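Enquirer: When you get a sec, could you give me coordinates for this:
(one chain, ligands or ions: 2)
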Amino acid sequence: MTPDKNQIAALLDRSRARTALLTDAVDDDELGRQHSPLMSPLVWDLAHVGNQEELWLVRDVGGREPVREDIDHLYDAFKHARKDRPALPLLDPAEARRYLAQVRAKALDVLDRVRLVDEQPLLAGGFAFGMIVQHEQQHDETMLATHQLRTGAPVLSAPPAPPGDRRIRGEVLIPGGAFTMGTDTDPWALDNERPAHAVDVPAFLIDRAPVTNGEYLAFIDAGGYDEPRWWSTRGWEHRNNAGLTAPLHWLQAEGGWHYRRFGRVEAVQADEPVVHVCFFEAEAYASWAGKRLPTEAEWEKAARWDPETGRSRRFPWGDEAPGPEHANLGQRHLTPAAVGAYPAGASPLGVHQLMGDVWEWTSSEFHPHPGFRVFPYAEYSEVFFGGDYRVLRGGSFGTDGSAVRGTFRNWDHPIRRQIFSGFRCARDLAPELA
Ligand code: AVJ
Ligand code: FE
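Expert: Ligands and ions are numbered 1, 2, ... in the order given. Down below sits the predicted model:
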């Protein structure tokens, strides 16, 4: 489970190849342009990835001289809002690529020389290297969302996702009782996933699969967007202010609903999980369906709890790293896969597609686990605890397998939908059965 130096180097390579794919696909002009005030220009993400690698692997772990101390402030995410980043004196694309290559050569040299010993928390299990692999992959997913927001001719392509299985529908009963949430042992788990702790989760029902476009269309067709009773007070206010009528990137064209995906307009596929909905839309759908969103603890129990042993797994299918048979991760495809496409990735109780396809909104706000300790820096998670965020779980087709697991916690504002966000529903047991 703990990666050795060769595996770490291969994962660093893999994230860099993906960064290159996302930034070589458009010209220099476009790399510096902003496609939405919510997103950075791609050239900012590019050099930011290199700057974080310099800070942690070259300077901190390696104890080496700075490469470009003068640019630290430009790439500090807390110094300049995303909308202000295009006006900064950023490295141009050629400079940024040279900078990344320089930093990477030094980081690989540090990896070669350092001992990955347990006595040093940053080095135990190769943690600092894992943190940087995950950081680059997280920004790659953000850059993929920027690609989805851009207009113009398509520049990304990928083979279609595998076909689904219509039989995978309905709900699964998750029995009540304590389970272990979070982890102490996963070497690359980030601070907010720690520590492992027991949580009592009463019995509940959870959907076997994420809510599909077909199911979501029934909500639209039933007038769900025009019925305040399905929406929370805040949700209804937001629906009105933002003029929401369908998921982001949907449009009505001849023959019905279509969506624009990475520059291509396609008919909405009924069996695929719905994506690009905000928390408030997910919540409204769930009340219309007579259900609710799962809590974060319910989601994690459904994804990790093994009823035979009572142990919590790393992934629904077991402890092994995700392969292409388990989940739609890693930008291998540019869409969610139809429901039922990953039988080998189901949980022991038969819950499908918890990992990959779409990030799943939960009803939980973002708070620390009991016993949380900042590691190694407060700006990753701690400064966001208690803010206006909801937790998302499981990763999307744009999340790399090295940057997600059953304990992984993502969060965003409840109005956001430029991310690859969908959901599944849950329900309390009828009182006579609970
Ligand atoms: C964990 C996805 C919310 O992208 O804002 C990247 C990850 N933190 N650089 C984000 C992150 C610093 C973070 N999320
Ligand atoms: Fe970052």
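Enquirer: contacts, neighbours, all on C-alpha from now
Expert: Fine.
Enquirer: For the stretch 51-200 of the chain, what lies in contact range of ligand 1?
Expert: 135, 138, 139 (Cα under 6 Å from any ligand atom).
Enquirer: Looking at those, which are in helices?
Expert: Per DSSP state H, helices hold the following members of those: 135, 138, 139.
Enquirer: Need the per-residue pLDDT for the last one.
Expert: This points to residue 139. Residue 139 carries a pLDDT value of 98.
Enquirer: Three-state assignment for the residue nearest to it when sequence neighbours are not counted, please.
Expert: Nearest residue to residue 139, sequence neighbours excluded (Cα to Cα, 6 or more residues apart in numbering): residue 45, at 6.5 Å. Per DSSP: H, G, I helix; E, B strand; the rest coil, the secondary structure class of residue 45 is helix.
Enquirer: ok, now residue 86?
Expert: Residue 86 is classified as helix under three-state DSSP.
Enquirer: Next, count neighbours for it.
Expert: Around residue 86 there are 17 other residues, counting by other Cα atoms under 10 Å.
Enquirer: contacting residues for it?
Expert: Applying Cα atoms under 8 Å, 6 or more residues apart in numbering to residue 86 gives the contacts 32, 33, 34, 40, 41.
Enquirer: Looking at those residues, which are in helices?
Expert: Using DSSP H, none of the contacts of residue 86 sit in helices.
Enquirer: wait, which of those residues is closest to ligand 1?
Expert: Set against ligand 1, the nearest of these by Cα to the nearest ligand atom is residue 40 (11.1 Å).
Enquirer: Now that closest one: phi and psi?
Expert: With angles defined as degrees, to the nearest 10, residue 40 sits at phi -80, psi 160.
Enquirer: Name the helix or strand for residue 353, please.
Expert: Counting by DSSP states H and E, no helix or strand carries residue 353.
Enquirer: What is the burial count for it?
Expert: 32.
Enquirer: these two touch, right, it and residue 169?
Expert: No: counting by Cα atoms under 8 Å, residue 353 stays clear of residue 169, with 11.8 Å between them.
Enquirer: can you list the ones in helices among the residues of the stretch 51-200 of the chain next to ligand 1 in TSV and add neighbour count and distance to residue 244?
Expert: Converted to TSV, those look like this (neighbours: other Cα atoms under 10 Å; distance: Cα to Cα, whole Å):
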residue	neighbour count	distance to residue 244
135	19	32
138	19	27
139	19	27
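Enquirer: From these, pick the one nearest residue 322.
Expert: Among these, residue 138 lies closest to residue 322 (Cα to Cα), at 16.8 Å.
Enquirer: Test my guess that that closest one contacts residue 403.
Expert: Yes: assessed by Cα under 8 Å, residue 138 is found in contact with residue 403 at 7.2 Å.
Enquirer: And the closest residue to residue 92 other than its chain neighbours, how close does it get to ligand 1?
Expert: Closest residue to residue 92 apart from its sequence neighbours, by Cα to Cα, 6+ apart: residue 43 at 7.2 Å. Distance of residue 43 to ligand 1, computed by Cα to the nearest ligand atom, to the nearest Å: 15 Å.
Enquirer: same thing with residue 230?
Expert: 28 Å.
Enquirer: can you pull the contacts of that residue?
Expert: 224, 284, 285, 287, 288.
Enquirer: Doesn't the second one belong to a strand?
Expert: Right, residue 284. No: counting by three-state DSSP, residue 284 falls outside a strand, being helix.
Enquirer: Test for you: state the pLDDT assigned to it.
Expert: 99.
Enquirer: quick one: the helices in the protein?
Expert: For the chain, the helices defined by DSSP H cover 5-24, 28-31, 42-53, 93-113, 127-149, 213-221, 233-242, 279-288, 296-304.
Enquirer: In CSV: the ones in helices among the residues of the stretch 51-200 of the chain next to ligand 1, plus distance to residue 151.
Expert: Below are these laid out as CSV (distance: Cα to Cα, whole Å):
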residue, distance to residue 151
135, 26
138, 22
139, 20
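Enquirer: List just the nearest of the contacts of residue 230 to residue 178.
Expert: Relative to residue 178, the closest of these is residue 287; by Cα to Cα it sits at 27.1 Å.
Enquirer: In contact with the closest residue to residue 336 other than its chain neighbours: list those residues for me.
Expert: Setting aside the residues directly before and after it, residue 336 is nearest to residue 357 in space (Cα to Cα, 6+ apart), at 4.3 Å. Shown in contact with residue 357 (Cα under 8 Å, 6+ apart): 273, 327, 328, 329, 335, 336, 337, 395, 396, 397, 398.
Enquirer: which among the contacts of residue 230 gets closest to residue 218?
Expert: Nearest member of the contacts of residue 230 to residue 218, counting by Cα to Cα, is residue 224, at 8.6 Å.
Enquirer: Against residue 60, how distant is that closest one?
Expert: Separation of residue 224 from residue 60 (Cα to Cα, to the nearest Å): 52 Å.
Enquirer: higher neighbour count, the two?
Expert: Comparing residue 224 with residue 60 by other Cα under 10 Å, the one with more neighbours is residue 224, at 22 against 15.
Enquirer: got the contact list for that one?
Expert: By Cα under 8 Å, 6+ apart, the residues touching residue 224 are 230, 284, 285, 288.
Enquirer: For those, pick the one with the most neighbours.
Expert: residue 285 (27 neighbours).
Enquirer: confidence score at residue 1?
Expert: 71.
Enquirer: residues contacting it?
Expert: Contacts for residue 1 (Cα under 8 Å, 6+ apart) come out as 186, 187, 320.
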